[in-house]
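>>> I need the structure of the sequence given here:
(one chain, ligands or ions: 1)
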Amino acid sequence: MLNLKGKTAVVTGGSRGIGEAIAYKFASEGVNIAVVYGGNAQAAEKVCGKCAEEYGVKAIPYQCDVSKFDVVKETVAKIKSDFGSAQILVNNAGITRDGLVAMMKEEDFDATLNTNLKGAFNMIRHMTGVFLRAKEGCIINITSVAGIMGNAGQSNYAASKAGLIGLTKSVAKELAPRGIRCNAVAPGFIKTDMTEAQTDNPLLSMIPLGEMGKPEDIAEAVAYLASAGYVTGEVLRVDGGIAM
Ligand code: NAP
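A predicted model of the protein is given here:
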């Protein structure tokens with residue numbers, strides 16, 4: 001056990017893929033869960049149902065577009081009213097709008113930056129007050145090896161994920177004196193809906209550990225960072241070695 005029992009975690013994009021696995025991992029450790037999702041209410045309700053039934057924790061879904069500053073503000077207020085407080089924030093919601101830079105539509109660049117990077121800022125901006133009142137807080141941002149290495153065809157996505165690393169380190173420095181930690185996890189290729197079309201990507205043959213990762217691999221790293229009281233400003237690669 002990781003000594004997280006009784007805490008509350010807000011997991012964005014907690015309705016599917018990596019976020020779903022993070023929600024179950026926390027729930028299995030006795031952590032209450034606020035599942036923030038974009039559009040798929042059924043999936044979010046299913047995750048919350050499993051957290052409550054299998055692990056006996058409180059779990060509530062919140063429909064919220066993380067890219068919208070005021071919507072996030074209202075959602076954080078609802079979470080605070082429902083749970084009283086929260087001590088963990090996982091910024092996991094993310095999208096891809098891939099394309100070559102010479103042909104990329106402005107709206108695809110903006111949508112990716114607004115969800116992946118500004119979404120994390122919006123959540124941190126509004127959750128920080130909750131953490132300061134709780135005198136405790138831990139933020140984990142889900143970046144990507146694309147933000148470390150770059151990736152042809154993903155200039156918007158890689159820029160958003162590289163930005164998330166700068167955000168992580170700056171927030172870590174700013175909030176460390178208040179006892180609030182901020183770290184990032186950088187997944188490689190993980191089997192989810194997002195990578196469904198990637199099964200014949202030639203980059204897969206370059207993974208030293210020889211296979212794609214599972215959402216649970218990322219969830220384990222997130223749970224470790226949530227409990228690692230002396231770790232802040234770190235970017236933990238969980239990528240089968242592809243970005244070493
Ligand atoms: P996924 O299966 O496509 O799930 C994405 C999640 O984000 C869904 O729960 C979705 O909710 C939510 N979401 C999307 N836009 C949102 C918005 N504007 N507001 C609130 N929620 C929103 O993705 P995944 O593969 O699990 O990826 C999770 C995170 O890991 C992402 O940040 C991704 O960039 C990162 N990552 C993934 C991989 C990989 O190989 N899979 C590798 C590196 C990094 P709805 O379904 O309700 O829309």
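>>> enumerate the residues of the chain near the ligand.
12-13, 15-19, 36-40, 43, 64-67, 92-95, 115, 119, 142, 144, 187, 189-190, 192-195 (C-beta under 6 Å from any ligand atom). In short, each C-beta sits where N, CA and C put it, glycine included.
>>> okay, and which of the residues you listed map to strands?
With strands taken from DSSP state E, the overlap with these comprises Thr12, Val36, Tyr37, Ile142, Pro187.
>>> mind putting the residues you listed into a markdown table with neighbour count?
Formatted as a markdown table, those follow (neighbours: other C-beta atoms under 10 Å):
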| residue | neighbour count |
| --- | --- |
| Thr12 | 30 |
| Val36 | 31 |
| Tyr37 | 27 |
| Ile142 | 27 |
| Pro187 | 25 |
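>>> turn the residues you listed into TSV, including pLDDT.
TSV is the format used below for those (pLDDT from 0 to 100):
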residue	pLDDT
Thr12	99
Val36	99
Tyr37	98
Ile142	99
Pro187	98
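>>> sorry, back to before: in PyMOL, how would I select the buried members of the residues of the chain next to the ligand?
Command for PyMOL that selects the buried part of the residues of the chain next to the ligand, burial taken from 16 or more other C-beta atoms under 10 Å:
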select buried, resi 12+13+15+16+17+18+19+36+37+38+43+64+65+66+67+92+93+94+95+115+119+142+144+187+189+190+192+194+195
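>>> tell me which of the residues of the chain next to the ligand fall in helices.
Members of the residues of the chain next to the ligand lying in helices (criterion: DSSP state H): Gly17, Ile18, Gly19, Ala43, Gly119.
>>> do I have it right that the second one meets Ala219?
When you say that, I think you mean Ile18. Yes. Using C-beta atoms under 8 Å, Ile18 is in contact with Ala219, at 7.2 Å.
>>> you'd agree Ala159 is up against Asp110?
No. Applying C-beta under 8 Å, one finds Ala159 not in contact with Asp110, separated by 11.4 Å.
>>> summarise which helices and strands the longest helix along the chain is packed against.
When the chain is parsed with DSSP H, its longest helix is helix 155-175. If you count contacts as 3 or more C-beta pairs under 8 Å, 6 or more residues apart in numbering; DSSP states H and E, helix 155-175 packs onto helix 106-113, helix 119-134, strand 137-142, helix 146-149, strand 180-187.
>>> need phi/psi at the residue nearest the centre of the chain.
In the chain, the C-alpha nearest the mean C-alpha coordinate belongs to Asn92, at 1.9 Å (C-alpha atoms, centre = their mean). Main-chain torsions, Asn92, degrees, to the nearest 10: phi -110, psi -20.
>>> what about the spatially closest residue to Ala176 that is not a sequence neighbour, is that helix, strand or coil?
In this structure, Ala176 finds its nearest non-sequential neighbour in Thr232, 5.7 Å apart by C-beta to C-beta, 6 or more residues apart in numbering. Judged by DSSP: H, G, I helix; E, B strand; the rest coil, the three-state class of Thr232 is coil.
>>> so what's Thr232 up against?
Residues near Thr232 by C-beta atoms under 8 Å, 6 or more residues apart in numbering: Ala172, Ala176, Arg181, Cys182, Asn183.
>>> for it, report the pLDDT, please.
Here the pLDDT value assigned to Thr232 is 98.
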